[in-house]
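Enquirer: Sequence and predicted model, in that order:
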Amino acid sequence: MTTEPTYRRGDSGPAVAAIRERLARLGLIDAGSIPAQGEPVFDEAVETAVRHFQQTRRTTVDGMVTPGTMRLLEEASWRLGDRDLTPAADPPFGDDVAELQRSLLTLGFDCGRVNGAYDPTTVGAVREFQRNVGLPATGVTDLATVQALNRLNRRMAHGGLLHAMRESEAIQSAGPALPGKTLVLDPGHGGPDSGVGAGGLIEAEVVFDIADRVKTRLEKLSVTTYMSHGPGGSPDDRRRAEKANELGADLLISLHCDAHSNPAASGVAAFYYGNDRFGHSSPTGERFAGLVQREITARTGLANLGTHGMTWDVLRYTQMPAVRIELGYLTSPHDAALLASQRFRESCADAIVIAVQRLYLPPESDSPTGVLRLAELRAQ
């Protein structure tokens, strides 16, 4: 299996030339800075531009062009109408698809999440739109379809609320009882990809152990619970999201640990799907991220680093609310000591399960953070 390269400051060659050209087309570096002769270099200006691009895309900001960042640069080069979007087993991705999805949602056609993927849900919404405006319902977004969208959207307000409303309604209609619900736990990394390691701890082992404790607790509450992979597996994030979609999960919870060059970096953070560029996010994911974040900090003493919208694949491509939790820094002596503790891992598992229950409780039945106990859930 070949591994796609990562480009960083000091690199040069044709791939770096392509990176500079894409950044210039996006207006992030001066097009005149690309040398006419000689090999373009990945210099400080390119690194700064890459960091800015990553920040605007709500992805990991490291200034390096990983395969994921390279894919995002390619997606950013498309505008709606640049190409025909055709249904395919390997669907097109790009900003043009995200523009299309936002337009469809504005007009009331449910294409699911604004994720930039021309997936079956989006194709179905395009066909429905085409039928409504008298175009052949081919599912192909061609020039005539784009022109029809533009004519109607000029009169409409900014979209994206339809999916948010339906997501919130789905939680309310599911009812407060946990039995019958389906949840996917996604321990980060796995197999040959062990994640970060420090303080005698390995990320993949820590998060798999905590995920297994969560699974045991949820199954005792009659929640159908799956792992995204076994101890020896390491699917990419998109495949993890696809598995959750195939299982028809109600929630996905991804568990990770963090690392930093500064050993003082410490605390827990939670992430949900949020895309400022296209004005779209997962309101239920945001609410659940807040619940699980507060429960963990209240029960473990970890510093609260807040909740944040991101566009990582495991959040972007799930059809259900999803969160990713960074359970402390292995490079922090304080956090590492906690993560090595069986008591801490038990408390984390309890916090996650209680946050799941609180997500489904109506406001009048909810409890303050840190108060509800697992035994009370079993008694219900």
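Expert: Sure thing, it's come through.
Enquirer: use CA for all of it now, contacts and neighbours both
Expert: Will do.
Enquirer: if I look at Phe93, how far off is Pro14?
Expert: For Phe93, the distance to Pro14 under the criterion C-alpha to C-alpha, to the nearest Å works out to 24 Å.
Enquirer: quick one: which of the two has more around it?
Expert: Phe93 (20 against 11; other C-alpha atoms under 10 Å).
Enquirer: so that one bridges to which residues?
Expert: Ala117 (DSSP bridges).
Enquirer: Same check on Ile253?
Expert: Beta-bridge partners of Ile253, as defined by DSSP bridges: Leu185, Val323.
Enquirer: Next up, the contacts around the residue nearest to Pro362 when sequence neighbours are not counted.
Expert: Nearest non-adjacent residue to Pro362, counting by C-alpha to C-alpha, 6 or more residues apart in numbering: Pro176, 7.1 Å away. Pro176 makes contact with Gln357, Tyr360, Leu361, Pro362 under the criterion C-alpha atoms under 8 Å, 6 or more residues apart in numbering.
Enquirer: of all the residues you listed, which comes closest to Pro235?
Expert: Gln357 (28.2 Å; C-alpha to C-alpha).
Enquirer: thinking the closest one is in contact with Gly175, fair?
Expert: No: Gln357 lies out of contact with Gly175 (C-alpha atoms under 8 Å); the separation is 10.4 Å.
Enquirer: Between these two, which has more neighbouring residues?
Expert: Gln357 (18 against 12).
Enquirer: Got phi/psi on the nearest residue to that one once chain neighbours are set aside?
Expert: Counting by C-alpha to C-alpha, 6+ apart, Gln357 lies nearest to Leu178, which is 6.9 Å off, once chain neighbours are set aside. Taking degrees, to the nearest 10, you get phi -80, psi -30 for the backbone angles of Leu178.
Enquirer: Report the contact partners of Leu178.
Expert: Here Leu178 is in contact with Leu221, Ser222, Val223, Gln357 (C-alpha under 8 Å, 6+ apart).
Enquirer: From Val353, how far off is it?
Expert: The separation that Leu178 has from Val353, given C-alpha to C-alpha, amounts to 10 Å.
Enquirer: Which of the helices or strands spans the residue nearest to Pro362?
Expert: For Pro176, there is no host helix or strand (DSSP states H and E).
Enquirer: one step back: now, among the contacts of Pro176, which is nearest to Thr121?
Expert: Of the contacts of Pro176, the one sitting nearest to Thr121 (C-alpha to C-alpha) turns out to be Tyr360, at 25.7 Å.
Enquirer: per-residue confidence at the nearest residue to the closest one once chain neighbours are set aside?
Expert: Distances taken as C-alpha to C-alpha, 6+ apart place Pro176 nearest to Tyr360, at 4.7 Å, with adjacent residues excluded. Looking at Pro176, its pLDDT reads 85.
Enquirer: quick revisit: how about the contacts of Pro176 in a markdown table, adding pLDDT, distance to Asn115 and secondary structure?
Expert: Putting the contacts of Pro176 into a markdown table (pLDDT from 0 to 100; distance: C-alpha to C-alpha, whole Å; DSSP: H, G, I helix; E, B strand; the rest coil) gives the following:
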| residue | pLDDT | distance to Asn115 | secondary structure |
| --- | --- | --- | --- |
| Gln357 | 93 | 28 | helix |
| Tyr360 | 91 | 25 | helix |
| Leu361 | 87 | 29 | coil |
| Pro362 | 79 | 29 | coil |
